[in-house]
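Trainee: quick one, structure for this:
(chains A, B and C)
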Amino acid sequence: MAKWLFKSEPDVFSFEQLLAKGMAGEEWTGIRNYQARNNMRAMKLGEQGFFYYSNTGKAVVGIVEVCKLIHPDSTADAPAWECVDIRAVAALPRAVTLDEIKLEAKLKDMVLVNNSRLSVQPVSEVEWAHICKLAGYKG
DNA sequence: GCCAACGTTGGC
DNA sequence: GCCAACGTTGGC
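Mentor: Numbers count the residues shown, from 1 in each chain, chains lettered A, B, ... in the order given. The predicted structure is shown next:
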(Lines give C-alpha, C1' and ligand atoms only; values in the text may rest on other atoms or scores of the structure.)
Protein backbone atom coordinates (compact mmCIF):
# COMPACT_ATOMS: atom_id res chain seq x y z
CA MET A 1 0.00 0.00 0.00
CA ALA A 2 1.37 3.34 -1.05
CA LYS A 3 1.51 6.31 1.31
CA TRP A 4 0.61 9.91 0.48
CA LEU A 5 0.59 13.47 1.72
CA PHE A 6 -2.25 15.98 1.27
CA LYS A 7 -1.65 19.66 1.78
CA SER A 8 -4.15 22.17 3.01
CA GLU A 9 -4.02 25.64 4.47
CA PRO A 10 -5.44 25.37 7.99
CA ASP A 11 -7.66 28.43 7.62
CA VAL A 12 -9.11 27.11 4.35
CA PHE A 13 -9.79 23.51 5.35
CA SER A 14 -8.55 22.15 8.68
CA PHE A 15 -8.06 18.62 9.93
CA GLU A 16 -10.78 19.29 12.50
CA GLN A 17 -13.19 20.00 9.66
CA LEU A 18 -12.29 16.69 8.06
CA LEU A 19 -12.72 14.88 11.39
CA ALA A 20 -16.17 16.41 11.66
CA LYS A 21 -17.12 14.77 8.35
CA GLY A 22 -16.67 11.36 9.97
CA MET A 23 -16.56 8.12 7.99
CA ALA A 24 -18.18 9.72 4.94
CA GLY A 25 -15.11 11.91 4.48
CA GLU A 26 -14.85 14.75 2.03
CA GLU A 27 -14.21 15.25 -1.67
CA TRP A 28 -10.62 16.53 -2.07
CA THR A 29 -11.61 19.16 -4.62
CA GLY A 30 -9.70 21.98 -6.22
CA ILE A 31 -6.58 20.17 -7.41
CA ARG A 32 -5.62 21.79 -10.70
CA ASN A 33 -2.20 20.28 -11.26
CA TYR A 34 -1.54 17.24 -13.44
CA GLN A 35 1.13 15.73 -11.22
CA ALA A 36 -1.12 15.95 -8.19
CA ARG A 37 -4.03 14.58 -10.23
CA ASN A 38 -1.91 11.66 -11.41
CA ASN A 39 -0.97 10.88 -7.81
CA MET A 40 -4.66 10.75 -6.92
CA ARG A 41 -5.34 8.47 -9.90
CA ALA A 42 -2.81 6.02 -8.46
CA MET A 43 -4.50 5.86 -5.06
CA LYS A 44 -6.33 2.75 -3.90
CA LEU A 45 -9.15 2.47 -1.40
CA GLY A 46 -7.90 2.41 2.17
CA GLU A 47 -4.46 3.81 1.38
CA GLN A 48 -3.33 6.29 4.01
CA GLY A 49 -1.77 9.70 3.87
CA PHE A 50 -0.55 12.54 6.03
CA PHE A 51 -2.56 15.74 6.38
CA TYR A 52 -0.13 18.66 6.17
CA TYR A 53 -0.75 22.32 6.96
CA SER A 54 0.98 24.64 4.52
CA ASN A 55 1.68 28.36 4.97
CA THR A 56 0.54 29.22 8.48
CA GLY A 57 0.79 25.69 9.88
CA LYS A 58 3.80 24.03 8.26
CA ALA A 59 3.32 20.75 10.11
CA VAL A 60 1.99 17.24 9.62
CA VAL A 61 -1.03 17.06 11.89
CA GLY A 62 -3.09 14.00 11.03
CA ILE A 63 -3.63 10.69 9.27
CA VAL A 64 -6.22 10.30 6.53
CA GLU A 65 -7.30 7.50 4.23
CA VAL A 66 -8.74 7.27 0.76
CA CYS A 67 -12.44 6.41 0.98
CA LYS A 68 -13.48 6.99 -2.62
CA LEU A 69 -11.46 6.34 -5.76
CA ILE A 70 -10.71 8.95 -8.42
CA HIS A 71 -13.83 10.53 -9.90
CA PRO A 72 -14.76 13.82 -11.54
CA ASP A 73 -14.19 16.85 -9.31
CA SER A 74 -17.66 18.30 -8.81
CA THR A 75 -16.22 21.81 -8.58
CA ALA A 76 -14.36 21.61 -11.90
CA ASP A 77 -15.37 23.08 -15.22
CA ALA A 78 -13.74 21.95 -18.47
CA PRO A 79 -11.23 20.36 -18.72
CA ALA A 80 -12.60 17.72 -16.40
CA TRP A 81 -10.39 17.61 -13.36
CA GLU A 82 -10.67 14.67 -10.98
CA CYS A 83 -10.21 13.94 -7.30
CA VAL A 84 -10.55 11.29 -4.61
CA ASP A 85 -12.42 11.46 -1.31
CA ILE A 86 -10.53 11.18 1.98
CA ARG A 87 -11.59 10.78 5.58
CA ALA A 88 -9.79 11.46 8.85
CA VAL A 89 -8.28 8.45 10.62
CA ALA A 90 -6.62 10.09 13.63
CA ALA A 91 -5.02 13.31 14.73
CA LEU A 92 -1.34 12.83 15.49
CA PRO A 93 -0.50 12.81 19.21
CA ARG A 94 2.07 15.47 18.33
CA ALA A 95 2.33 17.57 15.17
CA VAL A 96 5.60 17.18 13.28
CA THR A 97 6.77 20.53 11.94
CA LEU A 98 8.51 21.24 8.65
CA ASP A 99 11.52 22.50 10.63
CA GLU A 100 11.83 19.12 12.34
CA ILE A 101 11.43 17.26 9.06
CA LYS A 102 14.24 19.29 7.53
CA LEU A 103 16.55 18.34 10.40
CA GLU A 104 16.05 14.61 9.85
CA ALA A 105 18.54 12.92 7.52
CA LYS A 106 16.02 10.17 6.76
CA LEU A 107 13.55 12.76 5.49
CA LYS A 108 15.85 14.85 3.32
CA ASP A 109 14.47 13.34 0.10
CA MET A 110 10.85 13.98 0.93
CA VAL A 111 8.90 15.68 -1.84
CA LEU A 112 7.70 18.10 0.81
CA VAL A 113 11.27 19.31 1.27
CA ASN A 114 12.30 19.32 -2.39
CA ASN A 115 9.12 20.27 -4.24
CA SER A 116 7.08 22.07 -1.67
CA ARG A 117 4.54 23.30 -4.20
CA LEU A 118 3.14 19.89 -5.14
CA SER A 119 -0.14 19.62 -3.25
CA VAL A 120 -0.64 15.85 -3.39
CA GLN A 121 2.57 13.90 -2.93
CA PRO A 122 3.82 10.34 -2.55
CA VAL A 123 5.56 9.42 0.74
CA SER A 124 7.96 6.49 1.03
CA GLU A 125 7.52 3.75 3.64
CA VAL A 126 10.68 4.87 5.43
CA GLU A 127 9.49 8.47 5.55
CA TRP A 128 6.05 7.37 6.70
CA ALA A 129 7.41 5.25 9.54
CA HIS A 130 9.83 7.93 10.66
CA ILE A 131 7.26 10.71 10.82
CA CYS A 132 4.84 8.44 12.69
CA LYS A 133 7.62 7.77 15.18
CA LEU A 134 8.38 11.48 15.61
CA ALA A 135 4.67 12.09 16.11
CA GLY A 136 4.29 9.36 18.71
CA TYR A 137 1.69 7.71 16.47
CA LYS A 138 1.36 3.93 16.60
CA GLY A 139 -0.76 2.90 13.61
C1' DG B 1 5.38 41.36 2.48
C1' DC B 2 8.85 39.47 -0.36
C1' DC B 3 10.66 36.40 -3.47
C1' DA B 4 12.00 31.83 -5.47
C1' DA B 5 10.15 27.93 -7.75
C1' DC B 6 7.05 26.09 -10.67
C1' DG B 7 3.31 25.66 -14.14
C1' DT B 8 0.68 27.72 -17.78
C1' DT B 9 -0.21 30.74 -21.55
C1' DG B 10 0.46 32.95 -25.77
C1' DG B 11 3.28 35.32 -29.34
C1' DC B 12 6.49 34.31 -32.71
C1' DG C 1 8.40 24.18 -30.65
C1' DC C 2 10.69 27.76 -28.12
C1' DC C 3 10.68 31.09 -24.65
C1' DA C 4 9.18 35.35 -22.30
C1' DA C 5 5.55 36.90 -19.45
C1' DC C 6 2.48 36.06 -16.06
C1' DG C 7 -0.04 33.91 -12.07
C1' DT C 8 0.11 30.98 -8.05
C1' DT C 9 2.04 28.65 -4.21
C1' DG C 10 4.39 28.45 -0.10
C1' DG C 11 8.59 29.16 2.71
C1' DC C 12 10.94 32.72 4.94
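
Trainee: interface residues of chain A facing DNA strand B?
Mentor: By C-beta under 7 Å from any atom of the strand, the residues of chain A that approach DNA strand B are A:N33, A:Y34, A:Q35, A:N114, A:N115, A:R117, A:L118. Yep, even glycine has a C-beta here, placed from its N, CA and C like the rest.

Trainee: most widely separated two among those residues?
Mentor: Put simply, by C-beta to C-beta the two of the residues of chain A next to DNA strand B set farthest apart are A:Y34 and A:N114, 18.3 Å from each other.

Trainee: returning to that earlier point: quick one, which of the residues of chain A next to DNA strand B are buried?
Mentor: Burial by neighbour count, 16 or more other C-beta atoms under 10 Å: within the residues of chain A next to DNA strand B this picks out A:L118.

Trainee: and which of the residues of chain A next to DNA strand B is nearest DNA strand C?
Mentor: A:R117 (4.4 Å; C-beta to the nearest atom of the strand).

Trainee: any idea how far the closest one lies from A:Q35?
Mentor: 10 Å (C-beta to C-beta, to the nearest Å).

Trainee: again with A:G57
Mentor: A:G57 sits 22 Å away from A:Q35, going by C-beta to C-beta.

Trainee: for A:V126, same thing?
Mentor: The spacing between A:V126 and A:Q35, counted by C-beta to C-beta, is 22 Å.

Trainee: A:F13 now?
Mentor: Distance of A:F13 to A:Q35, computed by C-beta to C-beta: 20 Å.

Trainee: again with A:E47
Mentor: Distance, A:E47 to A:Q35, by C-beta to C-beta: 17 Å.

Trainee: also A:C132?
Mentor: 25 Å.

Trainee: same question, A:C83
Mentor: Remark: distance between A:C83 and A:Q35 (C-beta to C-beta) = 14 Å.

Trainee: chain A: strands as residue ranges?
Mentor: Secondary structure of chain A, counting by DSSP state E: strands at A:3-8, A:26-27, A:48-53, A:59-72, A:82-97, A:120-123.
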